[in-house]
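Chemist: sequence first, then the predicted structure, then my questions.
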Amino acid sequence: MARMKFLCDAERCIECNGCVTACKNEHDLPWGVNRRRVVTINDGVPGEKSISVSCMHCSDAPCMAVCPTDCFYKTEEGVVLHNKDACIGCGYCFFACPFGAPQFPNGPAAFGARGKMDKCTFCAGGPEENGSKAENEKYGRNRISEGKLPACAEMCATKALLAGDASVVSDIYRDRVLRRGKAGDAAWGWATAYGKPEQAQERTREQKREGQK
Amino acid sequence: MKKALFLMLTAAIGLSACGEYSQVASYKPGNYQGKSDTRPWEGGQFAGNKQAWEAALTNRAQAQNEYKRAN
């Protein structure tokens, strides 16, 4: 298993908001919290494009870098998750995220009244026992531990939103592009989310090693 | 004279403690120290069988390719 990734094909997205609804229903999200949203560019103009946006589980996630309580961690599958017990609701991650993924439900937290941050978990839950009641209440359903993919991607009617192992998702998209003869707006957000290496520190270390040679 | 000397010495010793120190924050990348998470294939229906979990997920991912589903 390499890395879990989302891919939104803007050529296919019809702005049905099925992914948004599926996510909200699957995790019983409170009023005002949308882990996934559909953004339409040039709405109403011929040639408008829609993109489904949520946490992209970046390779070098900015939220992880700015969190003052270090409540973020990355699983072996490359999914960026966070510990709500350690979150103080400061909102730094919201300002750092290029996709506007962190959501704040308003409520008690150690800092301000935003409440503890909530974001897409790639349907992989959080640091609680898999499938437990505590995990479900805090982070939503853990579909990954059930051998299933995120609900948004599986629900997508046009299969504009793909989720899963990077190599499988890329293969599906490549096959699709070859058949339709154009890439369109390509894999939106991929350069931002996955353009950097897994850990910037490792790259620096490698550069240093090369410098020593 | 003695008093002036004493005051000068006290001032010299006292002020010498006010050395300038670096005010640039040195960034240290933080490490997650919270609760550990169980891996997806541990417990539940896969009971530690990573291969079965990977196979289930790959199967599911391939179902997203409608070109394969149609034929």
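Modeler: Happy to help now that I have it. Residues are numbered from 1 along each chain as shown, chains lettered A, B, ... in the order given.
Chemist: residue A:121 should be in a strand, yeah?
Modeler: No. Remark: residue A:121 does not belong to a strand; assigned using DSSP: H, G, I helix; E, B strand; the rest coil, it is coil.
Chemist: I'd assumed residue A:79 was in contact with it.
Modeler: Yes. Applying C-beta atoms under 8 Å, one finds residue A:121 in contact with residue A:79, separated by 7.2 Å. C-beta: built from backbone N, CA, C; applies to glycine.
Chemist: ok, the two, which is more surrounded?
Modeler: Neighbours were tallied for residue A:121 and for residue A:79 using other C-beta atoms under 10 Å in any protein chain shown; the higher tally belongs to residue A:121 (27 against 23).
Chemist: pLDDT score assigned to the more buried one?
Modeler: Residue A:121 carries a pLDDT value of 96.
Chemist: for it, which residues are in contact?
Modeler: A:35, A:79, A:81, A:139-140, A:142 (C-beta atoms under 8 Å, 6 or more residues apart in numbering or on different chains).
Chemist: tell me how far it lies from residue A:151.
Modeler: As judged by C-beta to C-beta, to the nearest Å, residue A:121 and residue A:151 stand 11 Å apart.
Chemist: ok, now residue A:162?
Modeler: Residue A:162 is 14 Å from residue A:151, where distance means C-beta to C-beta.
Chemist: low-confidence ranges in chain B?
Modeler: By pLDDT under 70, the low-scoring segments of chain B are B:15-19, B:25-29, B:70-71.
Chemist: return the residues of it in contact with chain A.
Modeler: Contact residues (C-beta under 8 Å from any C-beta of the partner chain) of chain B with chain A: B:29-46, B:52-54, B:56-58, B:60-62, B:64-67.
Chemist: next one, pLDDT for the most centrally placed residue in chain A please.
Modeler: Nearest to the mean C-alpha position of chain A, by C-alpha atoms, centre = their mean, lies residue A:55 at 2.5 Å. Confidence at residue A:55, expressed as pLDDT, is 96.
Chemist: show me what contacts it?
Modeler: By C-beta under 8 Å, 6+ apart, the residues touching residue A:55 are A:35, A:80, A:97, A:99, A:101-102, A:119-120, A:122.
Chemist: following element in sequence after the longest helix seen in chain B, please.
Modeler: Taking DSSP state H as the criterion, chain B has its longest helix at helix B:2-16. Sequence-wise, the next helix or strand downstream of helix B:2-16 (DSSP states H and E) is helix B:50-62.
Chemist: for that next one, output the C-alpha coordinates as PDB.
Modeler: Taking C-alpha atoms only, helix B:50-62 is exported to PDB below (Å, rounded to 0.1, in the frame of the first residue of the first chain):
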ATOM      1  CA  LYS B  50      -3.000  -7.000   6.200                       C
ATOM      2  CA  GLN B  51      -3.100  -8.800   2.900                       C
ATOM      3  CA  ALA B  52      -6.800  -9.300   3.100                       C
ATOM      4  CA  TRP B  53      -7.400  -5.700   3.900                       C
ATOM      5  CA  GLU B  54      -5.200  -4.500   1.000                       C
ATOM      6  CA  ALA B  55      -7.000  -6.800  -1.400                       C
ATOM      7  CA  ALA B  56     -10.400  -5.600  -0.200                       C
ATOM      8  CA  LEU B  57      -9.400  -2.000  -0.700                       C
ATOM      9  CA  THR B  58      -7.800  -2.600  -4.100                       C
ATOM     10  CA  ASN B  59     -10.900  -4.400  -5.200                       C
ATOM     11  CA  ARG B  60     -13.000  -1.500  -4.100                       C
ATOM     12  CA  ALA B  61     -10.700   1.000  -5.800                       C
ATOM     13  CA  GLN B  62     -10.900  -0.800  -9.100                       C
END
